[in-house]
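Q: Whatever this is, show me its structure:
(one chain, ligands or ions: 2)
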Amino acid sequence: MLNVKTPDEALEIIRTAFAPLDLPPETVPLAAALGRVLALDVTADAWVPDFHRSTVDGYAVRASDTFGCSDALPAQLILAGEVRMGEGAGLTLAPGHCAAVPTGGGVPQGADAVQMLELCEDYGDGTIGVLKSVAPGHNMIFRGDDVKPGDRVLPAGRRLEPQDIGALAALGVISVPVVPRLRMGVISTGDELVPPECIPAAGQVRDVNGPLICAMLEQAGALTRFYGIIPDQEDRLTRTVEEALEACDGVILSGGSSVGEKDAACRIMSALGEVLFHGIAMKPGKPTLLGRTASGKAMVGLPGHPVAALFTTQLFVRALLVRLEGRTMRQRQVTARLTEAVSANHGRAQYNGAILRQGPEGLEALPIRGKSGLITTLAGADGYFCIPRDCEGFPAGAQIPVYLFTAD
Ligand SMILES: Nc1nc2c(c(=O)[nH]1)N[C@H]1C(S)=C(S)[C@@H](COP(=O)(O)OP(=O)(O)OC[C@H]3O[C@@H](n4cnc5c(N)ncnc54)[C@H](O)[C@@H]3O)O[C@H]1N2
Ligand code: MOO
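A: Ligands and ions are numbered 1, 2, ... in the order given. Okay, the predicted model is just below:
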């Protein structure tokens with residue numbers, strides 16, 4: 001019999017039983033930093049931008065020279081010169097003067113605003129008519145508006161996204177201090193499993209969990225090593241788990257997690273360390289196991305059914321990874337209208353895949369139905385929702401939170 005924990009209790013055990021690995025940071029080039037976790041705060045040591053810039057194509061002016069002007073009574077200013085992209089502004093604007101400036105070009109000293117080309121008129125005699133007045137600061141950004149030296153731009157623990165890579169480039173951070181990637185060993189077990197490239201014979205099935213779990217761990221930032229499909233032979237399986245624990249920070253085993261005679265995951269974990277829990281009150285995913293070796297390494301036993309393996313990886317293995325990395329989990333979610341009723345009445349939290357689509361009244365969630373042995377019921381899913389243990393289901397039209405299958 002399994003002594004089941006609630007999903008929250010299981011997460012709490014993960015948090016208390018494991019500590020961050022605190023590995024010394026490594027440095028990677030900016031081009032390789034996407035998806036990596038920042039090891040240190042990134043603090044600016046430069047001004048961004050480093051000079052006052054125009055945000056439009058137009059004429060840099062002294063705002064006070066334009067006050068009161070209009071279509072009928074333009075302010076006529078002397079064109080003092082032209083600012084070129086990639087060069088300093090190079091001139092100082094005297095009263096009554098203006099300078100042509102492109103979008104992003106430097107605003108000359110003395111100028112404090114820019115008027116757009118379309119609101120100016122070139123008289124062709126070295127003077128420009130400004131047809132509408134501008135307030136100081138209009139159409140420009142000032143030195144340091146974006147970032148000043150000492151500003152914290154990105155916090156340690158952040159998984160870097162493309163927009164962060166852009167910000168690091170702006171600061172000239174080309175060597176990025178990151179947390180070393182966790183190394184996770186993955187093992188599929190079962191006499192019936194064959195590699196995906198094989199055509200299954202009678203009674204055989206292709207290994208889904210190996211590629212699935214490796215892909216999820218890679219998406220979560222870990223380095224995975226697949227130790228292959230191991231038949232239901234306890235001694236061989238034990239040796240493979242030991243080999244994986246030797247080389248990796250943790251090992252994920254799928255299949256054999258239940259209580260049948262051939263289900264060896266629990267016995268192997270007890271032999272190699274201690275079992276922290278066996279069983280979670282969730283559907284799918286009930287026979288999930290977590291263990292810890294004497295040296296503190298994690299051993300996870302996931303149910304063989306692929307959908308159960310997917311949800312338990314999503315909820316618990318990812319939580320384990322962020323714990324070992326010393327981060328907090330950030331689960332992205334949206335609110336969507338459930339398109340059909342989904343019932344649940346089995347005393348376990350129920351997890352359902354969902355496809356999201358834009359409906360006439362906003363985002364809609366189409367529940368994916370199917371038993372936990374059917375992986376195709378999740379192909380194309382965007383996320384999932386949970387019906388809590390004490391709830392009998394959600395009616396059609398309910399606004400529900402949908403958690404996205406994303407990296408963090
Ligand atoms: N008496 C009980 N039987 C079962 C219980 C229970 O509580 N008492 N729980 C059921 C639930 S829930 C699940 S989930 C499964 C989990 O079983 P195991 O983790 O022991 O997994 P297996 O028996 O090895 O496999 C189950 C199923 O999944 C297929 N499988 C396994 N690995 C893979 C893989 N890598 N790729 C694709 N498919 C895989 C396997 O062929 C089986 O069909 O136990 C229930 N039984
Ligand atoms: O809970 Mo099992 O994990 O139903 O398939």
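Q: how close does residue 222 sit to ligand 1?
A: 18 Å (C-beta to the nearest ligand atom, to the nearest Å). The way it works is simple: take the backbone N, C-alpha and C, and place the C-beta from them, glycine included.
Q: again, but for residue 166
A: Applying C-beta to the nearest ligand atom to residue 166 and ligand 1 gives a distance of 39 Å.
Q: name the element that residue belongs to?
A: Under the criterion of DSSP states H and E, residue 166 resides in helix 162-171.
Q: How about residue 19?
A: Using DSSP H and E, no helix or strand contains residue 19.
Q: In what element of secondary structure is the most far-flung residue of the chain relative to its centre found?
A: Distance from the centre of the chain peaks at residue 125, with 56.6 Å (C-alpha atoms, centre = their mean). For residue 125, there is no helix or strand it lies in under DSSP H and E.
Q: got any ranges where the chain has weak pLDDT?
A: Applying pLDDT under 70 to the chain flags residues 1, 371-373, 407-408.
Q: Pull up the residues of it that are close to ligand 1.
A: For the chain, the contact set with ligand 1 under C-beta under 6 Å from any ligand atom comprises 188, 190, 192-193, 205, 207-210, 254-259, 263, 284, 286-287, 303-306, 308, 372-373.
Q: Residue 189 versus residue 229, what's the distance?
A: 7 Å (C-beta to C-beta, to the nearest Å).
Q: In the stretch 1-150 of the chain, what residue comes closest to ligand 1?
A: Nearest residue of the stretch 1-150 of the chain to ligand 1, counting by C-beta to the nearest ligand atom: residue 2, 6.2 Å away.
Q: One more: the chain?
A: For the chain, C-beta to the nearest ligand atom, closest residue to ligand 1: residue 304, 2.5 Å.
Q: What ranges does the stretch 51-200 of the chain have for its helices?
A: Counting by DSSP state H, counting those that start in this stretch, the stretch 51-200 of the chain has helices at residues 63-66, 162-171.
Q: and the last one, how far out from the chain's middle?
A: Which is helix 162-171. Chain-centre distance of helix 162-171: 16 Å, with C-alpha atoms, centre = their mean, to the nearest Å.
Q: in it, what counts as buried?
A: Buried residues in helix 162-171, counted by 16 or more other C-beta atoms under 10 Å: 164-165, 167-168, 171.
Q: Switch these over to CSV; also include distance to ligand 2.
A: Output for the buried residues of helix 162-171, formatted as CSV (distance: C-beta to the nearest ligand atom, whole Å):
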residue, distance to ligand 2
164, 37
165, 38
167, 42
168, 42
171, 47
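Q: and the nearest residue to residue 291 once chain neighbours are set aside, which of the three is it?
A: Nearest residue to residue 291, sequence neighbours excluded (C-beta to C-beta, 6 or more residues apart in numbering): residue 269, at 3.5 Å. The local conformation at residue 269, judged by DSSP: H, G, I helix; E, B strand; the rest coil, is helix.
Q: list the contacts for residue 269?
A: 275, 289, 291, 299, 301 (C-beta atoms under 8 Å, 6 or more residues apart in numbering).
Q: C-alpha coordinates for the helix or strand that contains residue 291, PDB please?
A: Take DSSP H and E as the rule and residue 291 turns out to sit in strand 289-293. Extracted C-alpha coordinates of strand 289-293, given in PDB (Å, rounded to 0.1, in the frame of the first residue of the first chain):
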ATOM      1  CA  LEU A 289       8.700   8.000  -5.500                       C
ATOM      2  CA  LEU A 290      11.400  10.300  -4.200                       C
ATOM      3  CA  GLY A 291      14.600   9.100  -2.500                       C
ATOM      4  CA  ARG A 292      17.900  10.400  -1.400                       C
ATOM      5  CA  THR A 293      21.300   8.700  -1.200                       C
END
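Q: And that strand, what does it pack against?
A: helix 7-17, helix 265-272, strand 273-278, strand 298-302 (3 or more C-beta pairs under 8 Å, 6 or more residues apart in numbering; DSSP states H and E).
Q: any idea how far residue 367 is from the residue nearest to residue 369 when sequence neighbours are not counted?
A: Spatial nearest neighbour of residue 369, chain neighbours left out: residue 377 (6.8 Å); criterion: C-beta to C-beta, 6+ apart. Per C-beta to C-beta, residue 377 is found 10 Å from residue 367.
Q: Can you work out which residues contact both of those two?
A: Counting by C-beta under 8 Å, 6+ apart, the residues touching both residue 377 and residue 367 are residue 353.
Q: if you count what's nearby, which of these two comes out ahead?
A: residue 367 (21 against 17; other C-beta atoms under 10 Å).
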